[in-house]
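In: coordinates only, no sequence provided:
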């Protein structure tokens, strides 16, 4: 690329050490990198929701269903049960319907619904509030949780987020307590796409400034541009104190 960047779309980063080095695997080949700065934008993962029979084959997280249908063009089953509520559940249900599937059962644990799954070698039925309904698969949309594992590995101090998660303690630019490690987006606490993009822009610019490729004036101007989008986010972080550091040594 013109800026000298190297994009590695098929790389898997499996560790970020406290000395700043990164363990990467590209097409199965291991590599150890020593970058000057790191921006962690690892997003979020599906929240688990345990229930009897929940470990049977055929139980999917919301994101797994969307990946199977929208990316791999696979519909794992025809008859589905949906567990959860809110926009994420609606998105998954819409994808299932578009793919020719049918949602035949719904359960909202937050509303007090009880759920259990039945089957011998896979899902055969779901029991919602005592009613047994034949299904092939169950999709669980229980919400999202920050994926801050790499930041924790690097020794970033963690503190309680607004949803009770432990998230990296960062400043307005995503700068963590672990030297030149920056954290942006859902990895620093669940947020909207607009907030994640704004934080990514700020963290990228701050990382560039840390190695002399951006000025303090540019940082101040960028923060001012994003102030409105990030107002609530900054208010939540204003009194966050470090409570925990993972001792990966």
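Out: Nice, I can see it. All of these numbers come straight from a predicted model, not from anything done at the bench.
In: contacts and neighbour counts: CA atoms only from here.
Out: Fine.
In: ok, the residue nearest in space to the middle of the chain - contacts?
Out: Centre of the chain computed as the mean C-alpha position; nearest residue by CA atoms, centre = their mean is residue 44, 0.6 Å away. Listed by CA atoms under 8 Å, 6 or more residues apart in numbering, the contact partners of residue 44 are 144, 145, 146, 147, 148, 186, 187, 190.
In: what's the answer for residue 133, then?
Out: Applying CA under 8 Å, 6+ apart, the residues contacting residue 133 are 104, 105, 125, 126, 127.
In: what ranges does the protein have for its helices?
Out: Applying DSSP state H to the chain gives helices spanning 62-66, 87-98, 149-153, 193-210, 216-225, 231-237.
In: could you dump the ones you listed into TSV and include mean neighbour count, mean pLDDT and distance to residue 161?
Out: Shown next, in TSV, are the helices of the chain (neighbours: other CA atoms under 10 Å; pLDDT from 0 to 100; distance: least, CA to CA, whole Å):
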stretch	mean neighbour count	mean pLDDT	distance to residue 161
helix 62-66	21	97	22
helix 87-98	17	97	21
helix 149-153	22	93	14
helix 193-210	20	96	15
helix 216-225	13	96	22
helix 231-237	13	86	8
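In: could I get these in a markdown table, plus columns for distance to residue 34?
Out: What follows is the helices of the chain, written out as a markdown table (distance: least, CA to CA, whole Å):
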| stretch | distance to residue 34 |
| --- | --- |
| helix 62-66 | 32 |
| helix 87-98 | 38 |
| helix 149-153 | 15 |
| helix 193-210 | 15 |
| helix 216-225 | 25 |
| helix 231-237 | 30 |
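In: surely residue 216 meets residue 208?
Out: No: counting by CA atoms under 8 Å, residue 208 is not a contact partner of residue 216; they are 10.7 Å apart.
In: still on that earlier bit, could you tell me which of the contacts of residue 44 belong to strands?
Out: Under the assignment DSSP state E, these contribute 144, 145, 146 to strands.
In: and the worst-scoring helix or strand of the chain on mean pLDDT, how far out from the chain's middle?
Out: Lowest on mean pLDDT, DSSP states H and E among the helices and strands of the chain sits helix 231-237, with a mean of 86. Centroid separation for helix 231-237 versus its chain: 19 Å, with CA atoms, centre = their mean, to the nearest Å.
In: what is that helix packed up against?
Out: For helix 231-237, there is no helix or strand it packs on, judged by 3 or more CA pairs under 8 Å, 6 or more residues apart in numbering; DSSP states H and E.
In: quick one: low-confidence residue ranges for this protein.
Out: Where the chain drops to pLDDT under 70, the residues are 1-3, 238-239, 244-249.
In: give me the distance between residue 196 and residue 172.
Out: As for residue 196, its distance to residue 172 is 13 Å (criterion: CA to CA, to the nearest Å).
In: quick revisit: now rank the contacts of residue 133 by neighbours and give me the top one.
Out: For those, the largest neighbour count, defined by other CA atoms under 10 Å, is 29 neighbours, found at residue 126.
In: quick one: contacts for that one?
Out: For residue 126, the contact set (CA under 8 Å, 6+ apart) comprises 81, 105, 115, 116, 117, 118, 132, 133, 134, 135.
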